[in-house]
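Asks: Provided below for reference: sequence and predicted model.
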Amino acid sequence: MPAQHPFMAKLDAGKHYWCSCGKSGNAPFCDGSHGKDHPGPVEFALETAQEVALCNCGKTQNRPFCDGCHTKS
Ligand code: FES
């Protein structure tokens, strides 16, 4: 069952890596568990430290950010 809420995180400015494979032990962030056959994480950068809503269900069309689609069936 998909997560019902985004993952809220206060992140520093700079680059971050959102797990797109579902195997990370540090979700929603990539920990390298995707292995060599997976395209890997989605890299994103923040210009300032801020709180973000990261997708926690894998259905967003705005990766890595939540677009609210977890509320739809
Ligand atoms: S562990 Fe999932 S993309 Fe790296």
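Replies: Now that the structure is in, tell me what you want to look at. Numbering: from 1, shown residues only.
Asks: If the residue most central in space within the chain is in a bridge, with which residues?
Replies: Geometric centre of the chain, nearest residue: Trp18, 3.9 Å, by Cα atoms, centre = their mean. Partner residues in beta bridges with Trp18, using DSSP bridges, are Phe29, Val42.
Asks: quick one: Ala45 and His16 touch, right?
Replies: Yes. Between Ala45 and His16 there is a contact under Cβ atoms under 8 Å: 7.3 Å. Where C-beta positions appear, they are placed from N, C-alpha and C, glycine not excepted.
Asks: So the two - more neighbours on which side?
Replies: His16 (20 against 8; other Cβ atoms under 10 Å).
Asks: returning to what we had before: please report how far the residue nearest to the centre of the chain lies from Lys10.
Replies: Distance, Trp18 to Lys10, using Cβ to Cβ, to the nearest Å: 15 Å.
Asks: Can you show me the strands along the chain?
Replies: Counting by DSSP state E, the chain has strands at residues 7-11, 14-18, 42-46, 50-54.
Asks: Mean pLDDT and distance to Asn26 for these - can I get that in a markdown table?
Replies: Output for these, formatted as a markdown table (pLDDT from 0 to 100; distance: least, Cβ to Cβ, whole Å):
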| stretch | mean pLDDT | distance to Asn26 |
| --- | --- | --- |
| strand 7-11 | 97 | 11 |
| strand 14-18 | 98 | 10 |
| strand 42-46 | 98 | 15 |
| strand 50-54 | 98 | 12 |
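Asks: Count the neighbours of Pro28 for me.
Replies: With other Cβ under 10 Å as criterion, Pro28 counts 22.
Asks: mind listing what it touches?
Replies: When contacts are counted by Cβ atoms under 8 Å, 6 or more residues apart in numbering, Pro28 is found next to 7, 9, 18-19, 54-56, 64.
Asks: Show me how to select, in PyMOL, the buried members of the residues you listed.
Replies: In PyMOL syntax, the buried subset of those is picked out as below (16 or more other Cβ atoms under 10 Å):
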select buried, resi 7+18+19+54+55+56+64
